[in-house]
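Student: Predicted model follows, preceded by the sequence.
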Amino acid sequence: MRSRDGYVEVVMAEYFKRLNYALGDEDTALEYSILPEHARHVAGVAGCGGRVLPLLARSPARMTCVDISAPQLAFTRLRFALLAQTDHDSFMDFMGYRSGTSAIRRQSIFQQLDLPSADRHWLADLFQSRHWQAPVYMGAFEQTLQRLAKINGLFTGKAGRAIFQCDDLGEQAAYYSSHFPLKRWKAVVALLGNAAVLNSLLYRGAFPRNNLGVSSREVYLGIFHTLFTTQVVRESFFLQMLFFGELRYPQGLPLECDPQVFRQARKALQVCELSVVQGDIFDCVARCRDVDFVSLSDVTSFLPPADSSRVLQRIQPALSTHALTVIRGHLHVVRPDSKGFCDVTMQYQDAIAREKTQLWRVQVYRHTSSVQVSR
């Protein structure tokens, strides 16, 4: 009989062989707001590329994007190719951020891209199998949200979707308290907060264990209450996906869609030393020097406890003085050994509160020149 650890290793290996994200579940505007301009070296988990492309607009001298998943890296290189070789309109059309783009238009853009041969073959097969529909919905996560949106529609119907007609937070708060189908919505949240459902739909048994001390359902109820009462919902791509299964309101498009961010990122790409690396983010960073900013996403949540507690210590020799490290955690939050670091999360509370998914417990650590106890 296979041990639990062995089972998880096998499941995780399979997990990283497929395209898990194409849009993503993080609002990179958070990291963008934390990252200072003109950093010497930025290192980050690549994901599908959407979480790192906007960081180029901060004009780092060097940027290293790391992931252990070949499909995610193929999507990352695709995004960078679109950034370097096309214009903003083509990027928006190809990725599917604008509705109505034809398959012929998407194929034409793809054929013009200079991509590594392996990426081109894999992506072409993927797009062909999906009839050249919008790539931004092709990840397992996005397809899960589309299935949940159908279920949500059955429960909350037009009354649920009507909250997206509100123009400001005051109007939205009034609708939420008086007209939103809250009881039916809570039934949807109960499904979303069911770890077994998340495991079967998305993680295939590899979902990190909830260690927050409260039920997943209660966590999600809190997340969505915060979103409905503190942010205009049409500005959240995550909520749009949960209610419509697609992006309908341009106000909620992710940061990479912003024309100014796109232009700045494209300009910066011309002089930035960009590397896209398949491997372990911690091993990769440890081999570097003078790293000013590290974006770890939620990688620490998937590590064994002994490894997750030492993530900051593993990368510490590579960091410059005052380097910033951003760690996200969802239902499983790691508190790493922060010797030699200062916890500066409170300095970024406004940016954290503006994050458009609110799925994450965020930690920000500043490297110190001398060893001190984290506050």
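Tutor: Good, I have the coordinates.

Student: what helices or strands is the longest strand along the chain leaning on?
Tutor: In the chain, assigned by DSSP state E, the strand with the most residues is strand 319-329. On a contact count with 3 or more CB pairs under 8 Å, 6 or more residues apart in numbering; DSSP states H and E, strand 319-329 meets helix 29-34, strand 291-295, helix 311-315, strand 361-367. Bear in mind the C-beta positions are built from the backbone N, C-alpha and C, glycine included.

Student: most tightly surrounded among these?
Tutor: Of all the helices and strands packed on strand 319-329, strand 291-295 has the most neighbours on average by mean count of other CB atoms under 10 Å, namely a mean of 25.

Student: Contacts for that one, please.
Tutor: 31, 34-36, 39-45, 51-52, 55, 60, 285, 315, 318-320, 322-326 (CB atoms under 8 Å, 6 or more residues apart in numbering).

Student: Low-confidence regions, the stretch 201-350 of the chain specifically.
Tutor: For the stretch 201-350 of the chain, residues meeting the criterion pLDDT under 70 lie at 201-207.

Student: can you map out the strands along it?
Tutor: Remark: strands assigned in the stretch 201-350 of the chain by DSSP state E, counting those that start in this stretch are 273-278, 291-295, 319-329, 341-343.

Student: export those to a markdown table and tack on distance to residue 23?
Tutor: Putting the strands of the stretch 201-350 of the chain into a markdown table (distance: least, CB to CB, whole Å) gives the following:
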| stretch | distance to residue 23 |
| --- | --- |
| strand 273-278 | 19 |
| strand 291-295 | 17 |
| strand 319-329 | 16 |
| strand 341-343 | 30 |
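
Student: picking that back up, among the contacts of strand 291-295, the buried ones, what's the ChimeraX command?
Tutor: With 16 or more other CB atoms under 10 Å as the criterion, this ChimeraX line picks the buried residues out of those:
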select :31,34,35,39,41,42,43,44,45,51,52,55,60,285,315,318,319,320,323,324,325,326
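
Student: count of neighbours near the closest residue to residue 296 other than its chain neighbours?
Tutor: Of all residues not flanking residue 296 in the chain, residue 327 sits nearest, at 5.0 Å (CB to CB, 6 or more residues apart in numbering). A count of nearby residues for residue 327, using other CB atoms under 10 Å, gives 26.

Student: Now the host helix or strand of residue 77: buried residues?
Tutor: Element membership for residue 77 (DSSP states H and E) is helix 70-85. Buried residues in helix 70-85, counting neighbours by 16+ other CB under 10 Å, are found at 70-83.

Student: same check, this time on stretch 248-261
Tutor: Buried residues in stretch 248-261 (16+ other CB under 10 Å): 249, 252, 253, 254, 255, 256, 257, 258, 261.

Student: Same check on stretch 187-195?
Tutor: Buried, per 16+ other CB under 10 Å, within stretch 187-195: 188, 189, 191, 192, 193, 194, 195.

Student: swap in stretch 265-281?
Tutor: 265, 266, 268, 269, 272, 274, 276, 277, 281.

Student: Start and end of that stretch, how far apart?
Tutor: Separation of the first and last residues of stretch 265-281 by CA to CA, to the nearest Å is 23 Å.

Student: Then stretch 231-240?
Tutor: 13 Å.

Student: How far off centre is it?
Tutor: Stretch 231-240 has its average C-alpha position 15 Å from the chain's average C-alpha position, going by CA atoms, centre = their mean, to the nearest Å.

Student: what do you get for stretch 229-242?
Tutor: Worked out by CA atoms, centre = their mean, stretch 229-242 lies 15 Å from the chain centre.

Student: was I right about residue 365 contacting residue 343?
Tutor: Yes: here residue 365 reaches residue 343: they are 5.9 Å apart, a contact under CB atoms under 8 Å.

Student: which residue packs closest to residue 51, ignoring adjacent ones?
Tutor: residue 28 (4.7 Å).

Student: That neighbour reaches residue 55, doesn't it?
Tutor: Yes: between residue 28 and residue 55 there is a contact at 7.2 Å, judged by CB under 8 Å.

Student: out of the buried residues of helix 70-85, who's nearest residue 100?
Tutor: The closest of those to residue 100 turns out to be residue 82 (CB to CB; 18.5 Å).

Student: My guess is the closest one contacts residue 90. True?
Tutor: Yes: with contact defined as CB under 8 Å, residue 82 counts as touching residue 90 (6.9 Å).

Student: returning to what we had before: so which of the strands of the stretch 201-350 of the chain is nearest residue 156?
Tutor: strand 319-329 (28.0 Å).

Student: send the alpha carbons of that closest one over as CSV?
Tutor: Output in CSV follows, covering the C-alpha atoms of strand 319-329 (Å, rounded to 0.1, in the frame of the first residue of the first chain):
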residue,chain,number,x,y,z
LEU,A,319,19.1,38.6,-1.3
SER,A,320,20.3,42.1,-1.3
THR,A,321,20.0,44.2,1.8
HIS,A,322,16.3,45.4,2.2
ALA,A,323,15.1,42.9,-0.5
LEU,A,324,11.4,42.1,-0.3
THR,A,325,9.8,38.7,-0.4
VAL,A,326,6.1,38.2,-0.9
ILE,A,327,4.4,35.0,0.2
ARG,A,328,0.8,34.1,-0.4
GLY,A,329,-1.2,31.4,1.4
